[in-house]
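Q: Provide a 3D model corresponding to the input given below.
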Amino acid sequence: MIEEVKFKEHDLNDPGLFLGTLRQLAQAGDYEEGLRLIRKRRTKEQKYIEVVNKSQLLEHLDQVDLDNIDLDGLEAKFEIEKTYHRPAPTLQDFLANTSPDIPYFVKDLIMEKARCYLVSDPKHGKSLWTMYLALCAASGKPFFGRAVKPCPVVMVDHENASPLNNWRMRAVARGLGLSESLPDLPLMPMFHEGINLVLDDPSIERLKRYIADFKPGLITVDSLIRCTRGLEENTSGDMSEVAEVIAELKRDTGQDFVFLFLHHTNRDKDKTGQDRVRGSGDIMAMVDHGFLLEKVKQKNGTETFGLSEPSPRHGQGAELSYRMAVTEAANGDMVNFIELTEGLSNDKSELDTSGVV
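A: Residues are numbered from 1 along each chain as shown. Just a heads-up that it's a prediction; the model follows:
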């Protein structure tokens with residue numbers, strides 16, 4: 001069956017033969033081969049086509065407009081079918097394929113595959129902190145002296161103007177010594193690209209395609225309120241939908257990335273810890289790490305920043321103190337992050353990166 005299908009690969013440009021091939025593959029349950037052919041045909045096309053409405057895969061293949069084939073819609077349907085027909089998990093497989101030790105993305109700070117939020121008052125440096133993390137991950141540079149597993153990074157930002165992001169990225173890169181290599185880093189800047197983390201939003205299928213192709217190990221979102229248009233942050237049902245979208249992105253793309261979103265504190269200054277998080281309790285419930293960033297003005301006029309994890313799911317939670325220094329360099333402004341935490345051990349620069357691509 002598969003040999004017969006592959007023999008028709010040269011007919012990808014013929015809509016009827018192409019769809020007939022996909023129909024055969026769907027009936028045979030060979031969704032991987034179907035996805036390969038869909039992606040192969042896409043490389044021959046320049047046109048990006050709107051995602052189709054959801055329907056049964058075989059019914060859809062019978063109804064496709066031969067003059068306007070929606071490759072993205074077909075790919076999404078084959079991904080759904082592949083996921084649906086995946087074998088049931090077993091305890092033996094789980095124990096064999098998972099480590100009893102906590103694997104870290106950032107040593108002693110962020111677990112692999114974790115969902116995280118970073119919360120602070122406005123203008124407390126969340127976006128710069130995130131830019132620093134993204135560039136460290138994309139380059140493999142240590143993050144506050146802590147080893148990072150290097151990976152491609154996707155940055156979604158609907159909060160900050162693109163010129164400001166341009167300045168921040170270049171300034172932080174200079175501080176890391178990455179000025180010359182910056183254009184070649186595996187970092188996808190999705191700034192004001194219309195991404196909306198709401199179920200069935202058309203932008204989700206586009207984001208899935210980017211994730212499947214780019215294979216990020218880290219996705220950052222700035223900010224929750226700007227990228228969940230139509231949802232109410234004080235409503236638990238709406239915020240649980242965000243968790244569903246994150247799970248769908250991981251499941252349908254096969255990429256189990258770290259997901260970090262930025263959010264704001266509430267106005268009640270008398271509250272402390274996780275009670276400062278604005279909105280529904282589901283925001284706190286959906287994450288593995290909930291980081292709180294606070295700014296402190298010292299007696300000498302300098303500003304320092306403190307990162308804490310008030311309610312960790314594992315261990316004692318992270319504590320990190322640092323300051324930022326913005327200086328002028330020959331080729332432009334430079335931002336450096338200086339660790340102030342007492343007792344920072346050197347072993348935080350050591351991380352098992354076996355198996356990391």
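
Q: What helices and strands are in contact with the strand or helix carrying Leu22?
A: For Leu22, the enclosing helix or strand under DSSP states H and E is helix 15-28. With contacts defined as 3 or more Cβ pairs under 8 Å, 6 or more residues apart in numbering; DSSP states H and E, the secondary structure elements packing on helix 15-28 are helix 2-7, helix 31-42, helix 57-63, helix 71-84. C-beta coordinates here come from the backbone N, C-alpha and C atoms, glycine included.

Q: What are the buried residues along stretch 195-202?
A: For stretch 195-202, burial by neighbour count (16 or more other Cβ atoms under 10 Å) applies to Ile195, Asn196, Leu197, Val198, Asp201.

Q: Distance check, the second one against Glu159.
A: Separation of Asn196 from Glu159 (Cβ to Cβ, to the nearest Å): 14 Å.

Q: Kindly report the same for the fourth one.
A: Val198 sits 17 Å away from Glu159, taking Cβ to Cβ as the criterion.

Q: again with the first one
A: Taking Cβ to Cβ as the measure, Ile195 falls 12 Å from Glu159.

Q: what do the two both touch?
A: With contacts defined as Cβ atoms under 8 Å, 6 or more residues apart in numbering, no residue is adjacent to both Ile195 and Glu159.

Q: burial count for Lys271?
A: Lys271 is flanked by 12 other residues according to other Cβ atoms under 10 Å.

Q: Pull the contacting residues for it.
A: Not one residue lies near Lys271 by Cβ under 8 Å, 6+ apart.

Q: For it, give me phi and psi.
A: phi -80, psi 160 (degrees, to the nearest 10).

Q: what do you get for Thr265?
A: Summarising the backbone geometry of Thr265 under the convention degrees, to the nearest 10, its torsions are phi -80, psi 160.

Q: Skipping its backbone neighbours, what lies nearest it in space?
A: Once flanking residues are discounted, Thr265 sits nearest to Arg276: 4.4 Å by Cβ to Cβ, 6 or more residues apart in numbering.

Q: in the stretch 201-350 of the chain, which spans are helices?
A: Counting by DSSP state H, counting those that start in this stretch, the stretch 201-350 of the chain has these helices, from start to end: 202-214, 236-253, 281-285.

Q: Also the stretch 51-200 of the chain?
A: 57-63, 71-84, 91-97, 126-139, 162-175.
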